[in-house]
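**Q** Just the structure for this:
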Amino acid sequence: MYINFWYPVCTSEQLKPDEPHATQILGMPFVAFRDTDGVARVLANTCAHRGGSLANGWVKDGCVICPYHGWRYGGDGKCKLVPSLGDGKVPARAKVDSYPTQEKYGIVHAFLGDLPEEQRPPLFEIEEYDHEDWRASQIMILNLNAYFERSMENGLDPSHNEFVHPAQGSPRMRINDMQEIEMPWGTRFIAAGDDRETHDTNLKHLRGDPSDIEASSWTHGPNVLVTWIRFSETNEFHQYFFEQPIDADHTRIYFINMRNCMMDPKHDERIVTVNLNVTGEDIVVLENLYPVRTPETNTKEILTPADRTLVRFREWLKDFEDRGWRIDRQTLKENAGDIAYAIPCPDRHNTGNWVLDPIPLMPTADAASTSRRPATRSA
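**A** Got it, this is the predicted structure:
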């Protein structure tokens, strides 16, 4: 799991004006709430006093209040009131990490890391989201008992579809002439369908010649998966998966499907049903993989040319690790319950004397190994 990227926290609808919202991301607890201007705020969910859960408290005057002793925290993470001190000054150390947020596509996103704004990877942009020729489905939330990397790699795998999704009429893809394209924060593949006739009873009317079908997937950072499916020259689905690694065993996915066909709202429920059927088939496979998490080395699996895009994804993850962004999961596990950790926020570069320890990270690579992009390796 990796810091210094944008992660989904909850949907806009889930974040009520006067209620704190609890969630867990990257194995850490967070609280989200709205300030007096309605802006989404995300803080580490640990009161600096005696470890109370802020999410179990309440929101008043744009602050979240700890239910244990009433300490009141603003959206900037600084404590504004300590009731037991009366008119006394609030200690400078009375603060918790506060994270940058963006609210887009009906999702509250938080940047979980300490990079300054000019150095941060951008939040992925769905360029066609508000375009009149495209329609967005309702946000689908998928919960799976699987590690997020397994889910991401599943989306980069063009050869599984004909076996996992035959009921949906998924075609065989022409793997040998699959294209790869480097993206700013990931790698994309483009694969065309073969000439086999498909038997999809749900969306077959969208298709022309089976060989005209094209599938394309890529990643943006460690946790955003994009899949474009072209049924014909005029009919496409664009699918966006914003993945929330809850911990090393559980993942929540915020799934948005865009389409430029079947635009009448009466088709919305049908599209959602089809998508949930497909993702449900994937989840059955992902929840039964062994080992649960991706092996640390490719030699522990037999990889083929069809796997080359997911190998590139692993190389990107190694690049993020070399930058010092990978969480040291073993140390975190060993100290569970004994040390209150938090993912460091950008303000840690401006002020010191923090109560919560920064989450342990894997060591960085030598400067010579921290290139902007990972070196290419064969599958």
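
**Q** can we go C-alpha only for contacts and neighbour counts from here?
**A** OK.

**Q** Which residues in stretch 28-41 does the neighbour count mark as buried?
**A** Neighbour-count burial for stretch 28-41, counted by 16 or more other CA atoms under 10 Å, picks out M28, P29, F30, V31, A32, F33, R34, D35, V39, A40, R41.

**Q** now swap in stretch 346-356 and tell me
**A** P346, D347, R348, W354, V355, L356.

**Q** With stretch 298-316 instead?
**A** Buried-residue list, stretch 298-316, by 16+ other CA under 10 Å: A306, D307, R308, T309, L310, V311, R312, F313, R314, E315, W316.

**Q** Can I get that stretch as PDB, trimmed to CA atoms?
**A** Backbone C-alpha positions of stretch 298-316 (Å, rounded to 0.1, in the frame of the first residue of the first chain) are rendered in PDB as follows:
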ATOM      1  CA  ASN A 298       7.600 -12.400 -10.400                       C
ATOM      2  CA  THR A 299       9.400 -15.700 -10.100                       C
ATOM      3  CA  LYS A 300       6.700 -17.000  -7.800                       C
ATOM      4  CA  GLU A 301       4.300 -17.000 -10.800                       C
ATOM      5  CA  ILE A 302       4.500 -18.200 -14.400                       C
ATOM      6  CA  LEU A 303       3.800 -15.100 -16.400                       C
ATOM      7  CA  THR A 304       3.200 -15.000 -20.200                       C
ATOM      8  CA  PRO A 305       3.200 -12.200 -22.800                       C
ATOM      9  CA  ALA A 306      -0.500 -11.700 -22.100                       C
ATOM     10  CA  ASP A 307       0.500 -10.500 -18.600                       C
ATOM     11  CA  ARG A 308       3.000  -7.800 -19.700                       C
ATOM     12  CA  THR A 309       0.800  -4.900 -18.800                       C
ATOM     13  CA  LEU A 310       0.300  -6.100 -15.300                       C
ATOM     14  CA  VAL A 311       4.100  -6.600 -15.100                       C
ATOM     15  CA  ARG A 312       4.500  -3.000 -16.000                       C
ATOM     16  CA  PHE A 313       2.000  -2.100 -13.200                       C
ATOM     17  CA  ARG A 314       4.300  -3.900 -10.800                       C
ATOM     18  CA  GLU A 315       7.200  -2.000 -12.100                       C
ATOM     19  CA  TRP A 316       5.400   1.200 -11.400                       C
END
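
**Q** now that stretch: how far from the chain's centre is it?
**A** Mean-position distance between stretch 298-316 and its chain equals 21 Å (CA atoms, centre = their mean, to the nearest Å).
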